[in-house]
Every structure is written in C-alpha cells, then in structure tokens.
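Novice: what follows is a predicted structure for the sequence shown.
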Amino acid sequence: RRSDRVVHLAALDVRDNEGTDPLGAQELVGRPALALVQALGGSGAELWLVTSGVKIFPDTKGSLQAPLWGFGAGLGFENPELHCRLIDLDPGDSYVAHAAALLGEARSPDRENRVAWSDGKRHAERLRPIAAPRRDPWELRPPTTGRLEDLAPTAAQQAAVGPTDVLIEDHAGRPKFTDA
C-alpha cells in the first residue's frame, strides 16, 4: 500500500520576537498552508501541519504559530480526505530531535491527529474520565502551570443563600444552553 504524506514545516520559521507583527505572522503561517491544501485538492495525501511550542509550552515563543492548529482543526471537518494531523514539537529540542519525533509519528500505529512532543515524550489530546462529581460545589479553574493535564476539579466557593436567592442544583452535570 502506498502512503502519500505531505509534511508542512513552514510555520517553524515563524517565532514570537519583540516587534513581530501578529497579522504579518498569520500571513506567513496561514497563506502557505492554505495554498498547500488547495494544491493537494483530492489527491488523497495525508497532510501534517507541524508547529513548535504551541500546545504544552505556554510560556515559550510559539504563539504566532497557534492559528495553524485552528486552521488544521477546521480542515478535519471541511476536508476530511486530507486526514490532517497537527504535530507540535518541543521548541527546546534540536533539529535532530524534531526529525526523530516526526519519524516516530510516521511509525506510530495509532491515528492520533493532535500530538505534542515534550522532553522526548509524545502527548496526545484526550479526555479522560474523572471520578464522579463530588456532592460539594466544585469548578474547573485554569491550572497555574498552563498545562492541560494539570486541570482538576477544585472546591468552589459558594456564596451564602439569602431569603431572596434561589439555589439551583444540576444533577445531570451537563451544561445547559438557551437562546436569549
């Protein structure tokens, strides 16, 4: 079986530097990726969009590459035949380590489409079940580390309920949305 894979590395050249124009950087990141998608058309090739320092390195210099992840996520819906994979490399690694990570992706038996490499380890975006919600009020707060894996339920501060207040308990645990 022949496997065609196109690896887009152009975003790796775009770094956050003082004075970098964010809109100009979006052009540098987005325009080549869009042109590549248009050129691939219905070729059946698998597209990899590669960034560095976007996903699990919030304090590093990769935020100007972040729009490529949004673009790639949209491709998954609009052009599913491209089997778009988003791969974020560790900005502290050498080019040799980057090449090894990409080779590891090519050899990986799973089909994860959102992967980040950190300290030589592969991380995939997944939701994991947590223990049943506690009876006491709880909330999810952004972790101070900026790392998604540090997200955990914490006790919520519940305001005192006064005589004119209404306390609503949701036992389903699902967000409810209404049109206003």
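Specialist: Received it, and whenever you're ready, just let me know what you need.

Novice: quick one, helices of the protein?
Specialist: 22-40, 67-78, 95-107 (DSSP state H).

Novice: winner for burial among those helices?
Specialist: Neighbour counts (mean count of other CB atoms under 10 Å) averaged over each of the helices of the chain peak at helix 67-78, with a mean of 16. C-beta: built from backbone N, CA, C; applies to glycine.

Novice: just the angle between it and helix 22-40, please?
Specialist: In terms of direction (axes from the mean of the first three to the mean of the last three CA atoms, to 10 degrees), helix 67-78 departs from helix 22-40 by 30 degrees.

Novice: pLDDT on helix 67-78, on average?
Specialist: Helix 67-78 shows a mean pLDDT of 90 in the predicted model.

Novice: now stretch 153-173
Specialist: The average pLDDT within stretch 153-173 is 72.

Novice: about what we covered before: okay, the helices of the chain in CSV with distance to Leu140 next?
Specialist: As requested, the helices of the chain are arranged in CSV below (distance: least, CB to CB, whole Å):
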stretch, distance to Leu140
helix 22-40, 29
helix 67-78, 21
helix 95-107, 30
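
Novice: Arg5 is nearest to which of those?
Specialist: Of all the helices of the chain, the one in closest proximity to Arg5, counting by CB to CB, is helix 95-107 (7.1 Å).
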